[in-house]
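1. after the sequence you'll find the predicted model.
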There are 2 protein chains.
Amino acid sequence: MSKADAVPFETTLFVKDHCLCLATQRAARALARRFDEALKPAGLTSGQFSLLHALNREAPPSIGAVASLLAMDRTTLTANLKPLERRGLLTTAVDPADRRGRRLSLTDAGRAALAAAMPIWRATHAEIDARLQAFDGEAMRSALGALA
Amino acid sequence: MSKADAVPFETTLFVKDHCLCLATQRAARALARRFDEALKPAGLTSGQFSLLHALNREAPPSIGAVASLLAMDRTTLTANLKPLERRGLLTTAVDPADRRGRRLSLTDAGRAALAAAMPIWRATHAEIDARLQAFDGEAMRSALGALA
DNA sequence: GCTAATTATGTTGATATCAACTTAATTCGT
DNA sequence: ACGAATTAAGTTGATATCAACATAATTAGC
C-alpha cells in the first residue's frame, strides 16, 4: 500500500457525514441504550419490548414471521427467545398444522411485563419524538445524527 | 394480570407503526446485513469499515474518542478492536503524554483494507441513497421502514 | 506536595447478531 | 405414491453490544 493509494482524510470525512449505515447504527445504539435504561423498571430491554409486542396478537405467530417483522435474522430471534422463555414470559409450541413450525405465545407474565412497559414507552418516545419536530424530509441523516 | 389490563392489539399496532426505536433497529439490521454482504470481498464488516475509517487520520485517536464518534459503548469498541488487531489492521499504543490512554493507529494493511472497501461502499451506498430520494420530511419513519 | 475526585481503560458476564451447516416436515412433479 | 425440491427451525462459532465492577494515571483542592 503506497501512500498515494491510501484513502484520503477528506474521503473519511465524506463517509462520516454521508454514510447512512453508520448514521443508522449510531442512532440504533443510542436509542437502544435510552430505551434499555428507561425500561429497566419493567425488566425489559428495548429489543425484548419489541419482541413481546410482536407476540401480542390473537393467533400465535411463527418464528419466521416474527423474525421478518423485526427485520432480524431467524437464528438471532431463536437466541433472543431463550432468556424470555426461561423467565416464563412466552411459550413455544409445535404448530399442529405444520409440525416443522413453532408458534410463539405470550404468557400472562409476558402480557403483564408488556403492560408495565407501555407507560414508560409512551413517555420515553414522546421525548424523542419532540426532538424530531425540528426536522423535515431531506434532513433524515441529520435527524439520525441528532438522535445519536 | 386480568384480561382488561393486557395491552390491546390496537396499541401493539400503534407501537409497531410509530416506535422510532424499532424502526431504527430494523433499518440498522437491514443496512448492516447489506453492507456486510457487499463488503465481504474486502474482508470487512460494515462496523469494521466504520471503525477503520475512524482511525484514518493524522493523529491516532484514543479509545474513548472513537467510541464517542461511533456512539458505541467504550467496552464494545475494546472488544471490536481485538479481531482487527489480531489481523494486523490496526495497532494500539500507550499514549506517552497520558499513560492511562491508548492511541489507535491503522497499519498499512488496515489502510489497504480501507482502500479496497471504498469502491464497494460507494456503489452500495449509491443504491441505497437512490431509494431515499422518494422521501421527504415527516416520512422519516417511512424511510426507515423502506430501508428494512 | 498530598489526598480526593476524576478520567481512561481493562475485565467479566449476559445478551444480541448473523453466516454456515444440519435436521425434519411439507409440497411438488411425475 | 414416491423421490426431489422447498420450507421451518435448530446448532455452532465468530463477533457485537452493553452494564457493572476494577485498576491505574492524572488532575484538582487544600
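-> Structure's in. What do you need? Predicted, not measured: the structure shown is a model, and the values here were computed from it.
2. so what's the spatially most central residue of chain A closest to, chain neighbours aside?
-> Nearest to the centroid of the C-alpha atoms of chain A, with distances taken as C-alpha atoms, centre = their mean, sits A:Gly47, at 4.5 Å. Nearest non-adjacent residue to A:Gly47, counting by C-beta to C-beta, 6 or more residues apart in numbering or on different chains: A:Asn80, 6.6 Å away. Yep, even glycine has a C-beta here, placed from its N, CA and C like the rest.
3. check A:Asn56 too.
-> Spatial nearest neighbour of A:Asn56, chain neighbours left out: B:Thr12 (4.5 Å); criterion: C-beta to C-beta, 6+ apart.
4. check the gap between that neighbour and A:Arg99 for me.
-> According to C-beta to C-beta, to the nearest Å, B:Thr12 and A:Arg99 sit 28 Å apart.
5. now do A:Leu51
-> From A:Leu51 to A:Arg99 the distance is 24 Å (C-beta to C-beta).
6. what about these two, which has more around it?
-> Using other C-beta atoms under 10 Å in any protein chain shown, the more surrounded residue of A:Leu51 and A:Arg99 is A:Leu51, with 24 against 8.
7. what helix or strand is that one on?
-> Per DSSP states H and E: A:Leu51 is located in helix A:46-55.
8. any part of that helix near DNA strand D?
-> No: Helix A:46-55 stays clear of DNA strand D (C-beta under 7 Å from any atom of the strand), getting no nearer than 9.8 Å.
9. what do you get for stretch A:76-96?
-> Yes: Stretch A:76-96 lies within reach of DNA strand D by C-beta under 7 Å from any atom of the strand, at A:78-79, A:92, A:95.
10. for that stretch, measure first residue to last.
-> Start-to-end span of stretch A:76-96 (C-alpha to C-alpha, to the nearest Å) is 24 Å.
11. avg pLDDT for that stretch?
-> The average pLDDT within stretch A:76-96 is 93.
12. centre of the chain versus that stretch, how much separation?
-> How far stretch A:76-96 lies from its chain's middle: 17 Å, per C-alpha atoms, centre = their mean, to the nearest Å.
13. tell me the SS of the closest residue to A:Thr91 other than its chain neighbours?
-> Take A:Thr91 and drop its neighbours on the chain: the residue closest to it by C-beta to C-beta, 6+ apart is A:Ser105, 5.2 Å away. With DSSP: H, G, I helix; E, B strand; the rest coil as the basis, A:Ser105 sits in strand.
14. what's the neighbour count on the nearest residue in space to A:Arg87 that is not next to it in sequence?
-> Nearest residue to A:Arg87, sequence neighbours excluded (C-beta to C-beta, 6+ apart): A:Ala109, at 7.5 Å. A:Ala109 sits with 14 neighbouring residues when counted by other C-beta under 10 Å.
15. equivalent analysis for A:Met72, please.
-> A:Met72, neighbours per other C-beta under 10 Å, totals 22.
16. is it true that it lies in a strand?
-> No: assignment of A:Met72 by three-state DSSP gives coil, placing it outside any strand.
17. just the pLDDT at it, thanks.
-> Per the predicted model, pLDDT is 93 at A:Met72.
18. nearest residue to it other than its sequence neighbours?
-> A:Met72 sits nearest to B:Arg29 (C-beta to C-beta, 6+ apart), 5.8 Å away.
19. for the one you found, give its distance to A:Thr12.
-> Distance, B:Arg29 to A:Thr12, using C-beta to C-beta: 25 Å.
20. re the thing from before, list the contacts for the residue nearest to A:Gly47?
-> A:47-48, A:51, A:72 (C-beta atoms under 8 Å, 6 or more residues apart in numbering or on different chains).
21. what's the closest of those residues to DNA strand D?
-> Distance to DNA strand D across those (C-beta to the nearest atom of the strand) is lowest for A:Gly47, with 10.4 Å.
22. could I get the full set of strands for chain A?
-> For chain A, the strands defined by DSSP state E cover A:90-94, A:102-106.
23. okay, angle between the first one and helix A:46-55 too, please.
-> For the pair strand A:90-94 and helix A:46-55, the angle between their directions (axes from the mean of the first three to the mean of the last three C-alpha atoms, to 10 degrees) equals 50 degrees.
24. the residue nearest to the centre of chain A contacts A:Leu31, doesn't it?
-> No: the pair A:Gly47 / A:Leu31 is not scored as a contact, 11.0 Å apart, by C-beta atoms under 8 Å.
25. sweet, I'm off.
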